[in-house]
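Enquirer: take a look and give me a structure for this.
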Amino acid sequence: MATSDTMPPPPPPHFDPNLKYGPAFIGCIIAGILYGIACNQTYSYYKGRFQDPKLMRIFVYTLLLLETTHLVLTIHVCYFYMITNYDNFRSTDNPTWSFLIQMVVETMTDVSIRGFFARRVWILARPQSRRLAWALVLCIGAMSLFAFSCSVALTSRTYMSLDSNATHDPNVRHAWFNQVAYLLYASFGCSVVGDMFIAVSMCALLSRSRTGAIETDSIIDVLVLYAMATGLSTSLGEIVCFISYAVRKHDLIFVGVYFTLSTLSLNSFLASLNARSAFRNRERARTASAMMVLNTLPPSAQSSADTHTLFDSSMKSGEAFSDGPLHRDGTSEDYHPRRVQGWLGWKSVQRVQPKSYSQGDRVEYRPIGGTSDNVTHSTGEIVRIEGDGEEAKYTIRNDNTGKETTYQSMNIVGPAQ
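Expert: Below is the predicted model of the structure:
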């Protein structure tokens with residue numbers, strides 16, 4: 001039977017373990033889940049075959065290492081308060097060393113990621129907007145460094161105060177925390193402003209990059225959504241931390257959200273890197289679809305072509321090169337294929353003049369298997385035609401050798417000069 005001197009002391013008045021330990025426990029679980037997602041995204045990044053410089057890969061490794069340290073410290077915080085000091089209800093009045101170090105690690109991760117996005121803002125800025133870009137980058141950098149400085153100052157002052165016997169009194173301790181709370185408010189506030197600066201700047205700069213081409217603008221729209229999600233997700237978390245700490249300063253409600261902030265930032269950062277793979281696959285699929293369209297053109301249309309400019313943003317989706325109707329048989333009017341869109345805008349496709357050939361015509365043609373422009377062309381006379389349309393086969397007598405060879409219609413370049 002337990003004696004009175006072995007029983008734990010009663011909890012203080014108004015002590016609620018759901019408010020003291022519950023948010024921290026849930027936040028630790030969510031942080032672990034987000035860390036697993038970050039590991040998966042890191043693996044996807046290194047399997048994505050991106051042509052990033054070595055320094056960028058080291059940067060990703062470093063961020064994952066920092067987040068691993070952050071998770072270990074988070075687990076130690078929960079273990080210290082919930083297991084080691086389960087019967088010490090006053091233990092939460094004094095932050096443990098792991099919680100103090102975790103604050104610095106979390107801020108280091110956030111500052112590094114903001115630096116990466118600040119660099120993107122600089123890259124997206126046009127040459128005539130360099131002054132504005134400098135101002136934005138300096139504002140983002142100043143906010144990030146100020147948030148980091150506040151976090152370091154709060155950590156150092158709190159750690160040094162732990163040696164003071166006077167601060168072990170709960171009332172004195174609470175009064176002391178009220179005096180240094182402005183550092184935490186300043187850190188959260190600067191982080192929110194920095195993230196919002198990044199989101200607004202990237203959205204504005206990306207919107208100014210629109211070309212009027214539907215496919216290109218759709219890619220920009222997706223990039224804008226990524227920028228908004230990156231800034232808003234972390235900003236909302238920091239705002240929740242700010243409000244919960246201001247309302248319930250002596251509970252650990254804000255800690256549950258605070259545990260997840262750096263992991264949330266890391267996942268947003270990795271998602272923006274891995275999104276390039278989705279855009280690359282999308283571009284490949286669009287290019288393959290365009291090649292299928294070009295392969296269905298009349299054979300003579302593929303060979304006799306008048307190539308237009310590579311980039312023409314003045315023509316919108318679905319326009320033909322002229323006002324004539326689109327014909328597939330190549331018998332009456334010009335064939336006007338729709339243009340194909342690439343990563344930077346409209347690529348050229350050929351404006352064609354379909355040709356029909358008959359026996360006795362002299363033509364220029366490619367050798368068997370030659371389908372590219374770097375193959376030397378030959379000339380000859382058509383001596384026999386089998387079939388018609390796209391399936392027609394032409395027997396051509398070479399002008400130099402006199403040898404007769406049968407070719408498909410796609411090998412004929414056009415009339416001999």
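Enquirer: drop to CA atoms for contacts and neighbour counts, all remaining ones
Expert: Noted.
Enquirer: and the helix or strand where Phe259 lies, average pLDDT?
Expert: Phe259 belongs to helix 253-295 when assigned by DSSP states H and E. Over the span of helix 253-295, the pLDDT mean works out to 75.
Enquirer: same deal with stretch 106-124?
Expert: Average pLDDT, stretch 106-124: 88.
Enquirer: quick one, helices of the stretch 101-250 of the chain?
Expert: Listed in chain order, the helices of the stretch 101-250 of the chain (DSSP state H, counting those that start in this stretch) span 130-161, 170-207, 214-247.
Enquirer: and of these, who's closest to Tyr86?
Expert: Tyr86 lies closest to helix 170-207 among those, at 17.9 Å (C-alpha to C-alpha).
Enquirer: give me every residue that touches Thr42.
Expert: By C-alpha atoms under 8 Å, 6 or more residues apart in numbering, the residues touching Thr42 are 60, 64, 270.
Enquirer: I should have written Ser91 there, sorry.
Expert: Contacts of Ser91 (C-alpha under 8 Å, 6+ apart): 81, 85.
Enquirer: where's it relative to Phe80, distance?
Expert: Distance, Ser91 to Phe80, by C-alpha to C-alpha, to the nearest Å: 9 Å.
Enquirer: same question, Cys39
Expert: Distance, Cys39 to Phe80, using C-alpha to C-alpha: 26 Å.
Enquirer: same question for Lys403.
Expert: Distance, Lys403 to Phe80, by C-alpha to C-alpha: 91 Å.
Enquirer: please identify which of those two sits among more neighbours.
Expert: Comparing Lys403 with Phe80 by other C-alpha atoms under 10 Å, the one with more neighbours is Phe80, at 16 against 11.
Enquirer: the more buried one - nearest residue in space that isn't next to it in sequence?
Expert: Excluding the flanking residues, the one nearest Phe80 by C-alpha to C-alpha, 6 or more residues apart in numbering is Thr96, at 7.8 Å.
Enquirer: my read is that the one you found contacts Val77, right?
Expert: Yes - with contacts counted by C-alpha atoms under 8 Å, Thr96 reaches Val77, the gap being 7.0 Å.
Enquirer: these two - which one has more neighbours?
Expert: Between Thr96 and Val77, counted using other C-alpha under 10 Å, Val77 has the larger neighbour count: 22 against 17.
Enquirer: which SS class is the more buried one?
Expert: helix (DSSP: H, G, I helix; E, B strand; the rest coil).
Enquirer: got the contact list for it?
Expert: Going by C-alpha under 8 Å, 6+ apart, Val77 touches 96, 98-99.
Enquirer: okay, buried residues for the longest strand belonging to the chain please.
Expert: Across the chain, the strand with the greatest residue count (assigned by DSSP state E) is strand 378-386. Buried positions in strand 378-386, judged by neighbour count with 16 or more other C-alpha atoms under 10 Å: 378-383, 385.
Enquirer: which segments of this protein make up each domain?
Expert: The chain breaks down into these domains under the TED database: 17-283, 361-415.
Enquirer: and the closest residue in space to Asn411 that isn't next to it in sequence, how far is that from Arg397?
Expert: Leaving aside its chain neighbours, Asn411 sits nearest to Arg366 (5.1 Å; criterion: C-alpha to C-alpha, 6+ apart). Distance of Arg366 to Arg397, computed by C-alpha to C-alpha: 13 Å.
Enquirer: before we move on, what about Gln359?
Expert: According to C-alpha to C-alpha, Gln359 and Arg397 sit 11 Å apart.
Enquirer: pull up the overlap in contacts between the two.
Expert: Shared contacts of Gln359 and Arg397, defined by C-alpha under 8 Å, 6+ apart, comprise 381-383.
Enquirer: residues in contact with Gln408?
Expert: By C-alpha under 8 Å, 6+ apart, the neighbours of Gln408 are 391-394.
Enquirer: try it again with 6 Å
Expert: Under the criterion of C-alpha atoms under 6 Å, 6 or more residues apart in numbering, the neighbours of Gln408 are Lys393.
Enquirer: list of residues touching stretch 21-40?
Expert: Residues outside stretch 21-40 that contact it (C-alpha under 6 Å, 6+ apart) are 253, 255-257, 259-260, 267.
Enquirer: ok, these vs Ile243, which is closest?
Expert: The closest of the contacts of stretch 21-40 to Ile243 turns out to be Ile253 (C-alpha to C-alpha; 10.1 Å).
Enquirer: and the gap between that closest one and Met160?
Expert: The gap separating Ile253 from Met160 is 25 Å, by C-alpha to C-alpha.
Enquirer: again, but for Phe89
Expert: With the distance defined as C-alpha to C-alpha, Phe89 ends up 22 Å from Met160.
Enquirer: higher neighbour count, those two?
Expert: Phe89 (19 against 9).
Enquirer: check that one and give its pLDDT.
Expert: For Phe89, the model assigns a pLDDT of 71.
Enquirer: that one - that's part of a strand, no?
Expert: No - using three-state DSSP, the secondary structure at Phe89 is coil, not a strand.
Enquirer: and it, how far from Asp16?
Expert: According to C-alpha to C-alpha, Phe89 stands 10 Å off from Asp16.
Enquirer: quick revisit: of all the helices of the stretch 101-250 of the chain, which one is nearest Tyr407?
Expert: Here helix 214-247 is closest among the helices of the stretch 101-250 of the chain (C-alpha to C-alpha), at 38.1 Å.
Enquirer: now do the buried residues in that closest one.
Expert: By neighbour count with 16+ other C-alpha under 10 Å, helix 214-247 contains the buried residues 214-217, 220-221, 223-224, 226-228, 230-232, 234-235, 237-242, 244-245.
Enquirer: next one: stretch 84-101
Expert: 89-90, 92-94, 96, 98-101.
Enquirer: check stretch 66-75 too.
Expert: Result for stretch 66-75 [16+ other C-alpha under 10 Å]: buried residues 66-68, 70-71, 73-75.
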